[in-house]
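In: Sequence and predicted structure, then a few things I'm wondering about:
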Amino acid sequence: MEASVGYNRKFGEHELLAAVNYLQYSYQVDANQNGAAGLNINYGYQNVGGRIHYTVNSRYSAEFGFAYSASDNYAKGNRGGFYPAVSAAWNISNESFLQGQKHLALKLRASAGKSGYDNFSGGRYLYQLYYANSGSFPTGNGTPTWRSGLTQAYVPNPDIFAEQSLKYNVGIDAKLFNKLDITLDAFVDKRSGIVTLDNSLLAVFGTTPAYRNIGRVTNKGFEASVNFSNKAGAFAYNVGAMASFNSNKIDYMAEVPPPSLKAAQTGGPIRSTFGYVANGFYDITDFDANGGLRTSLPVPNFGAVQPGDIKYVDQNGDNKIDQADLVRVGNSYVPKFTYSFHLSTAYKGFDLRLLFQGAASRTVNLLDAGPQAIAFVNNATVYSMAENRWAYYPDRSIDTRSTATYPRLTTAANNNNYINSTLWIKNGDFLRLRNAEIGYNLPATVLRKFGLLNTRIFVNGINLLTFSSLTRNYHIDPETMSGYTALKSYNLGLTVNF
Amino acid sequence: MNIKNGYSLIFMIITCLLNNSCTKLDTRIDTQLTNKNIEGDYTKVWNFGYASYTYLRNGFSSVDDNLFAAASDEAEQTAPISNAQLFNEGNWSPYNNPDEVFKHHYEGIRAANYFLENSNDYKSFLALNRDTMSDRQKQYKLDVQDIEWLRNENRVLRAYYYLDLAKRYGGVPLVTKTLLLTDDTDLPSASYNDIISFVVSEIDAVKDSLQSDWRTFDVAKAGRITKGAALAIKSQALLYAASPLHNSSNDKSKWENAAKAAREVITLGRYSLHNSYQNLFVIDNTGNSPETIWDIRLGASNALERKNYPIATPGGSSGVTPSQNLVSAYEYKGTPDPNNPYANRDPRLGFSIVTNNSNWNGRIMEMWIGGRDGSNVINSSKTGYYLKKFLNDNLNLVKNETKVRNWIVFRYAGILLNYAEAMNEAFGPDNANGWELTARQAVNLVRSRPGVNMPAVVAAGQGEMREKIKHERQIELAFEDHRYWDLLRWKDAESVLSQPLKGIVVTKNTANSFSYSETTVEKRVFIAPKMYYYPLPYTEIGKSKGKLQQNPGW
């Protein structure tokens, strides 16, 4: 159901515009996608929104918007939330002191707004108590009877509510000489009330802790784009670039305090990787005559080690390598910095388009590439990166000890080597020629003879070039660590209209 | 739409928001169980009552999903990377405890608390949707009785979880109600003695309102707590509390209480020794044995055989292999044979441990160098022995043959030894304190089981008898998850668990002639005093704002 009503009035230099709308909708999701009854999940929403827009002399404008939104996901009486937003803009080029000039259009913008998010992947109706099977207990002589137990699936939280996002944005739009467009934006997004398991409860609580609206994350970012279009005779071109910088930080997540303070997720970016700091490989001199690790060296907690295994830094100096020595390693897999630039030109019938995309301030974990990084284990094959393995067979004059970048080869699972460490964290920056296309439009004079309107022949390619140390050194696609790599493709095409 | 209609629309929206008249937000359809949709299903009360039971762990699935024995001086785990190994190397910590049960046990405790609090009204719940007047009344009454028992069993289970926690961690927070989100979960530990007092008082409160023998009521419910099981838990609680680790002043009254508690089980008159030590632990014999006080029933399986059969038996993978430390503890029964160290020994050696050149799995065991089960074979036993206790002989793993086998938590021989130990400490070896048995008589009862028939112990005074009783526990209860905890409570762990683990090297000389030499399998580490108690998980200490204290040394 939807309804809206609006109001618009002009008086002198002032213009007022107001609107209210009402929206109620519900839908069903077929959980098993088989149309069977009983497995349909219902969703219902209700929304009243409105805005008041006020402009003075097309120089200043301000807007107040609001929404009252309710979701069926929460307990009765706790379903709706009020989400206001304000924005203001100053169109400087309409000011009298800039009036008359034609080379500059300039606008400043600022906004702040609150929004809600009700879609939590961990389950719906978190206010409702559900019982779940806790397992079963066998009784009886001989073949037992299994008695199943029922316990609370989790402790319901009657106050559960939508996550909130408070977003602040300032921006500039400028156009120079009618050819150069520049847009700059900076934003801060304070997300709060993120539905998180309340891990602050101690184990004596005795069950899965409740979901609570306690998580807080700050997103900060900056975006800029420039675009220049020009025409010189028959030669028309457009070049542009875009860059965005985005960083996030977990302010609070009810984190279980990690054994190592350097491995706390709170205070760091989302999806950080934690691992050990690799410090070369164990050499034969690190072991005594019986093959035991020398007592002066910290003892790793992952099982017995041999020469050629990765050696780790004992961060806390307790002569053990264990969880207390974890640190945040590398940056996030999600790049902080992304950029792109494009070029499109046309000359007479010919056109050329290029699009480059890149990402920086990003690291990847080679272990995510699975079998490609972990040689031999689980009957896996071996990739070229393992050529630089640690090996020492003096009788066969093999000695790679000083140059090795990969631990000793073994067919057995190795808990010491194949765990997150700086050895496996690699720079994930890349620049890609995402798209390139050359086309030619046949001249109209030729076409007319054949009764055609326009005809274009083109060749294009996707992912033709990749500049990435990851690809260069490990033959791993920077965007798809395992599985099928990003497709490189060529197309030859002909478009004919008649 | 003109203005007037607009106003009326706004009015309509406001009214429907205020009184929910147009709300279509009640979309929830509960396919899982909620209070509403279990109303009227009286059988659900059992499911809530069984919940705490589902958290019980059996000793076959302890560390490394195998026997705990490999973390004590009884055995060695064959797999080089194993959790038992972390224990043995002393490489365990609040971050990494291979036997971490803290959270798990509190889940069992919560399930018991929840059931106890929410089943007060069980009589009317059981009457829902059923005829309680006619001939069905009989079943209703049985059900009422059953739930009454089940409620009391939950109190015993809760006590058992606390005892099992205290055995590991010492004092722990005592939670006797279902904690709510609004409750403070940052609780300090109760003292060890408070936990023991709670265990004892709970059992005393309900011991006479428990089923005595499920076979007389419904054999399909056997395996649930009985009066005997409750009293056995109490016996263990008081024995542990009287032991040197928890009784530094050697308060005799503690030992006397422990003796009384063991005697309470003995004087039930319900239990006696099984006539075959060998057969007690295999197939489902525990279920009907008069020796079993409480066993955890399990389905048919061959997992234990798969893990622990000798390496040369198809499907076997060595697993937990007995140590020379244990083997050499078995007494000689007659003259030692210089050519065969396993001849003329306490028969329980042959019942519990597979030795070289013996017959097992339908073949001769070849532990010698070059033999099929010998040290030259990959993943063979590091100790030169293989486990026999609990394992069904000749199970065909290739055909995936399975057998039912239960885990004994308490058995009568163990109670007799509890009694002997406590009596000896309280009154000396030969003073019955006016009761039925002296310490010496109780030990000798265990030793004279048919098929074992070991001679009476020779022990002059209390001190000698103490050593004999400790020794008897080591032999009689081998691999039954007593040894490690006994060594802790006796405070013998620092001297025993730090001894190197020994194995045997077998060399075949000529046909059927072997020479045996002891070898050190590995160095063992036990750091006293800190390892007398488990560390609390680091997560708990980290979350606690200083109220919950880490155990000393960790």
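Out: Cool, the structure landed. Residues are numbered from 1 along each chain as shown, chains lettered A, B, ... in the order given.

In: Which elements pack onto the helix ranked longest in chain B?
Out: If each helix of chain B is counted by residues according to DSSP state H, the longest one is helix B:137-169. Where contact means 3 or more C-beta pairs under 8 Å, 6 or more residues apart in numbering or on different chains; DSSP states H and E, helix B:137-169 is packed against helix B:44-50, helix B:102-118, helix B:122-127, helix B:192-206, helix B:227-242. For every residue, glycine as well, the C-beta is placed using N, CA and C.

In: B:S358 and chain A: what is the separation?
Out: Going from B:S358 to chain A by C-beta to the nearest C-beta, to the nearest Å gives 30 Å.

In: Contact partners for A:R456?
Out: A:439-442, A:493-495 (C-beta atoms under 8 Å, 6 or more residues apart in numbering or on different chains).

In: now swap in B:I504 and tell me
Out: B:324, B:327, B:356, B:367, B:383-385, B:516-519.

In: Do you know the pLDDT at it?
Out: pLDDT for B:I504: 96.

In: Now the closest residue to it other than its chain neighbours, what are its backbone angles?
Out: Spatially, and ignoring its direct neighbours in sequence, B:I504 is nearest to B:G384 (3.7 Å; C-beta to C-beta, 6 or more residues apart in numbering or on different chains). Reported as degrees, to the nearest 10, the phi and psi values for B:G384 are phi 90, psi 10.

In: Hmm, B:G384 is touching B:T507, no?
Out: No - applying C-beta atoms under 8 Å as the test, B:G384 and B:T507 come out as separate, 10.8 Å apart.

In: With neighbour numbers in mind, choose between these two.
Out: B:G384 (29 against 13; other C-beta atoms under 10 Å in any protein chain shown).

In: gap between the more buried one and B:N344?
Out: With distances taken as C-beta to C-beta, to the nearest Å, B:G384 is found 19 Å from B:N344.

In: for B:N97, same thing?
Out: B:N97 is 42 Å from B:N344, by C-beta to C-beta.

In: Kindly report the same for B:S72.
Out: According to C-beta to C-beta, B:S72 and B:N344 sit 27 Å apart.

In: which of these two has more neighbours?
Out: Using other C-beta under 10 Å, the more surrounded residue of B:S72 and B:N344 is B:S72, with 28 against 13.

In: where exactly do the strands run in the stretch 201-350 of chain A?
Out: In the stretch 201-350 of chain A, the strands defined using DSSP state E, counting those that start in this stretch lie at A:211-232, A:235-252, A:274-275, A:278-281, A:299-300, A:310-312, A:320-321, A:327-328, A:337-347, A:350-360.

In: residue contacts, residue 69?
Out: Just so you know, I chose chain A. A:45-49, A:80-81, A:83, A:116, A:162.

In: not what I meant, chain B
Out: B:75, B:320, B:322, B:478-479, B:481, B:483.

In: Which one of those residues is nearest to A:N57?
Out: Using C-beta to C-beta, B:D481 comes nearest to A:N57 of the contacts of B:A69, at 86.7 Å.

In: What is the neighbour count of the closest one?
Out: Counted with other C-beta under 10 Å, the neighbours of B:D481 add up to 21.

In: and what of the one 3 residues further on?
Out: When neighbours are counted by other C-beta under 10 Å, B:Y484 registers 19.

In: Ok, the one 10 residues further on next?
Out: B:E494 is flanked by 15 other residues according to other C-beta under 10 Å.

In: now swap in B:P244 and tell me
Out: B:P244 - counted by other C-beta under 10 Å - has 14 other residues nearby.

In: before we move on, the earlier item: show the overlap between the contacts of A:S69 and what lies near chain B.
Out: Residues of the contacts of A:S69 in contact with chain B (C-beta under 8 Å from any C-beta of the partner chain): A:45-46, A:48, A:80.

In: what would these look like in TSV with pLDDT, neighbour count and distance to B:T182?
Out: Listed next are the ones next to chain B among the contacts of A:S69 as TSV, based on pLDDT from 0 to 100; neighbours: other C-beta atoms under 10 Å in any protein chain shown; distance: C-beta to C-beta, whole Å:
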residue	pLDDT	neighbour count	distance to B:T182
A:Y45	84	19	31
A:Q46	84	25	30
A:V48	87	22	33
A:G80	85	21	25
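
In: A:A241: which of the residues you listed is nearest?
Out: Set against A:A241, the nearest of those by C-beta to C-beta is A:Y45 (39.4 Å).

In: tell me which element that closest one falls in.
Out: If you go by DSSP states H and E, A:Y45 is part of strand A:40-56.

In: helices or strands next to that strand in the packing?
Out: Strand A:40-56 packs on strand A:14-30, strand A:60-71, helix B:3-19, going by 3+ C-beta pairs under 8 Å, 6+ apart.

In: hmm, try it at 10 Å
Out: In this structure, strand A:40-56 packs against strand A:2-11, strand A:14-30, strand A:60-71, strand A:80-91, helix B:3-19, with contacts taken as 3 or more C-beta pairs under 10 Å, 6 or more residues apart in numbering or on different chains; DSSP states H and E.

In: Disregarding flanking residues, what is the spatial nearest neighbour of the residue nearest to the spatial centre of chain A?
Out: Residue closest to the average C-alpha location in chain A (C-alpha atoms, centre = their mean): A:V334, at 4.9 Å. Spatial nearest neighbour of A:V334, excluding adjacent residues (C-beta to C-beta, 6+ apart): A:R271 at 6.4 Å.

In: Go through the contacts of B:I504 and name the one nearest chain A.
Out: B:T519 (13.2 Å; C-beta to the nearest C-beta).
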